[in-house]
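Asks: quick one, structure for this:
(one chain, ligands or ions: 1)
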Amino acid sequence: MSQSESVVPRIGIHDLALATSHYALPLTALADHHGIDPAKFTVGIGQDVMSVLGPDEDIVTMAAEATSRIIERNGTDGIRTLLFATESGIDQSKSAGVYVHQLVGLPQQVRVVELKQACYSATAALQFAVGLIARDPSQKVLVVASDVARYDLGSSGESTQGAAAAAMLVQADPALLTVENPAGVFTEDVMDFWRPNYRSTALVDGKGSIRAYLNAIGGAWEDYRAQGGASLEDFAAICYHQPFTKMASKAHRHLAVLSGANPTPDEVAAYLADTMRYNRVIGNSYTASVYVALASLLDHHEGDLTGARVGLASYGSGSVAEFFGGVVQPGYREHLRVAEHTAMIDSRVMLDHTAYEVLHKTTLPEDGREYLTARETARPYRFAGLGDHQRRYERTLG
Ligand code: CAA
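Replies: This next block holds a predicted model:
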């Protein structure tokens, strides 16, 4: 059989697990501190709470927690690749995924690599995973997205911080969502948001970033349509990258207008509501955000989504965007993690503004000396400290 005659297997997301931080800050506390009307945050940008990392947490500890949940349920058989997507890299050389590989006990016969393009790279990882599995459908790929969104104290971006990881097991005959062809893609060199190597917080042209996001998502959508993709009304739901949930509303309205429709704000809000529940209380999680939105949709949608087409609209500043569809699989509800996700979000410890500011100002030594982090997280993995310029991690449970 020639390659063109071969049957392309159904490939997609078999399992999806989230993790977030030990702490969180209600945005009312941030508004009070700055003397701002809280409605600017809760209504204007559509955020209620943002996750805040403890001193002994980072992208590795969140990623290890989400990945371990996947392995507890599915084992490691067939996993030969781990793709780690982040824009909060902890090392210029070593992939954060290699730490996760060790912490969760993956076998050595696994390739691990880190991918970067702002908030977009988890979508690239998912597409690369689909390609690997199309070549050998017996293989499975772990796609792990983990990020902490940090802006300067007092900056306009401060209310759009957050932190989370999303781990996905990608394989043939998936239980949750098959990934469809085609995908629409778009790239443009634009300085809307970036983080030079010498900074721990991002630089952003706030209003310019909103314009760049809309332009790129519109470009990806038009490419998707030109490649023969479905029309807007064929989607039961669309999960957008959500730096703040109001951004998804702006993006959906933009695609609707490009498609000749003119939905009211209430119609847009109702269409997107289920995709926003987790993001509203986690905040921006960069690479993980669009997959947090997918988990939110699947976990909260009341009707049966079996057979429904769901859109994924991914954006990474700088900028790259991609739009593609997926089909929700029969029996998907038995594979959801609603209780686990709810407990994880509800168990965060709420900070007051003073404690948040102390955490935000905490920095790590850069001279290679021994440094032990304060033992604060109740999550299963912790960043124990530094020594000899190396990061140390440990399990806290079991
Ligand atoms: N009640 C209700 N609404 C209010 C209000 C009040 N009292 N006060 C203000 N608002 C509304 C405003 O009208 C505005 O709504 P619209 O955008 O619909 O007009 C909204 O609240 C925000 O107000 P401002 O525009 O005045 O807010 P700002 O300029 O202080 O900051 C921001 C907004 C630019 C998004 C800023 O938070 C920021 O820079 N965030 C980081 C960058 C970002 O997230 N960009 C998104 C695209 S880039 C991307 O997606 C990649 C990524 O992950 C970073």
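Asks: contact partners for Ile36?
Replies: Contacts for Ile36 (C-beta atoms under 8 Å, 6 or more residues apart in numbering) come out as Leu30. C-beta: built from backbone N, CA, C; applies to glycine.
Asks: what's the distance between it and the ligand?
Replies: Counting by C-beta to the nearest ligand atom, to the nearest Å, the gap from Ile36 to the ligand is 8 Å.
Asks: secondary structure class for that residue?
Replies: For Ile36, the assignment made with DSSP: H, G, I helix; E, B strand; the rest coil gives coil.
Asks: just the helices in the chain please.
Replies: Ranges of helices in the chain, per DSSP state H, are 27-34, 39, 59-74, 96-103, 121-135, 206-226, 245-258, 265-282, 289-300, 338-346, 353-361.
Asks: so which elements touch the first one?
Replies: Pointing back at helix 27-34 there. Applying 3 or more C-beta pairs under 8 Å, 6 or more residues apart in numbering; DSSP states H and E, we find helix 27-34 packed against helix 353-361.
Asks: where does this protein get nearest to the ligand, residue-wise?
Replies: Using C-beta to the nearest ligand atom, Gly44 is the residue of the chain that sits closest to the ligand, at 2.0 Å.
Asks: for that residue, grab the count of nearby residues.
Replies: Using other C-beta atoms under 10 Å as the criterion, Gly44 is surrounded by 14 other residues.
Asks: quick check: closest non-adjacent residue to His353.
Replies: Distances taken as C-beta to C-beta, 6 or more residues apart in numbering place His33 nearest to His353, at 4.4 Å, with adjacent residues excluded.
Asks: the one you found and Ala355 touch, don't they?
Replies: No. Judged on C-beta atoms under 8 Å, His33 makes no contact with Ala355 at a distance of 11.9 Å.
Asks: which residues touch Ala313?
Replies: Going by C-beta under 8 Å, 6+ apart, Ala313 touches 217, 220-221, 238-241, 251, 255, 290, 321-323.
Asks: which of those are close to the ligand?
Replies: Applying C-beta under 6 Å from any ligand atom to the contacts of Ala313, one finds that His241 fall near the ligand.
Asks: ranking by neighbours, what's the top pick from the contacts of Ala313?
Replies: Using other C-beta under 10 Å as the neighbour criterion, His241 leads the contacts of Ala313 with 34 neighbours.
Asks: and it, what pLDDT?
Replies: Per-residue pLDDT puts His241 at 98.
Asks: can you check the pLDDT for the closest residue in space to Asp147 that isn't next to it in sequence?
Replies: In this structure, Asp147 finds its nearest non-sequential neighbour in Tyr286, 3.5 Å apart by C-beta to C-beta, 6+ apart. Per-residue confidence (pLDDT) for Tyr286: 98.
Asks: circling back to that earlier point, can you count the residues close to the residue nearest to His353?
Replies: Applying other C-beta under 10 Å, we find 17 residues neighbouring His33.
Asks: from Thr245, how far out is it?
Replies: To Thr245, His33 is 22 Å away according to C-beta to C-beta, to the nearest Å.
Asks: what does Ala374 give?
Replies: Per C-beta to C-beta, Ala374 is found 32 Å from Thr245.
Asks: same check on Glu302?
Replies: Between Glu302 and Thr245 the distance, using C-beta to C-beta, works out to 19 Å.
Asks: these two - which one has more neighbours?
Replies: More crowded of Glu302 and Thr245, by other C-beta under 10 Å: Thr245, with 25 against 6.
Asks: doesn't Met276 make contact with the more buried one?
Replies: Yes. Look at Thr245 against Met276 with C-beta under 8 Å: they come within range, at 4.3 Å.
Asks: which neighbours do these two have in common?
Replies: By the contact definition C-beta under 8 Å, 6+ apart, Thr245 and Met276 are jointly contacted by Gly46.
Asks: picking that back up, tabulate the contacts of Ala313 (a markdown table), appending distance to Ser231.
Replies: What follows is these, written out as a markdown table (distance: C-beta to C-beta, whole Å):
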| residue | distance to Ser231 |
| --- | --- |
| Ile217 | 16 |
| Ala220 | 15 |
| Trp221 | 11 |
| Ile238 | 12 |
| Cys239 | 18 |
| Tyr240 | 17 |
| His241 | 21 |
| Ala251 | 17 |
| Leu255 | 11 |
| Val290 | 21 |
| Ala321 | 19 |
| Glu322 | 18 |
| Phe323 | 12 |
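Asks: between the contacts of Ala313, which is nearest Ile59?
Replies: Set against Ile59, the nearest of the contacts of Ala313 by C-beta to C-beta is Val290 (16.8 Å).
Asks: run through the bridge partners of Pro26.
Replies: In this entry, Pro26 is beta-bridged to Val49, by DSSP bridges.
Asks: can you name the residues of the stretch 251-398 of the chain that neighbour the ligand?
Replies: Asn284, Tyr286, Tyr315, Ser317.
Asks: what's the burial count for the third one?
Replies: Which is Tyr315. Number of residues near Tyr315 (other C-beta under 10 Å) recorded here: 31.
Asks: got the contact list for stretch 367-382?
Replies: Residues from elsewhere that reach stretch 367-382 (C-beta under 8 Å, 6+ apart): 19, 21-23, 54-57, 60-62, 64-65, 68, 103, 347, 364-365, 383-389, 393-398.
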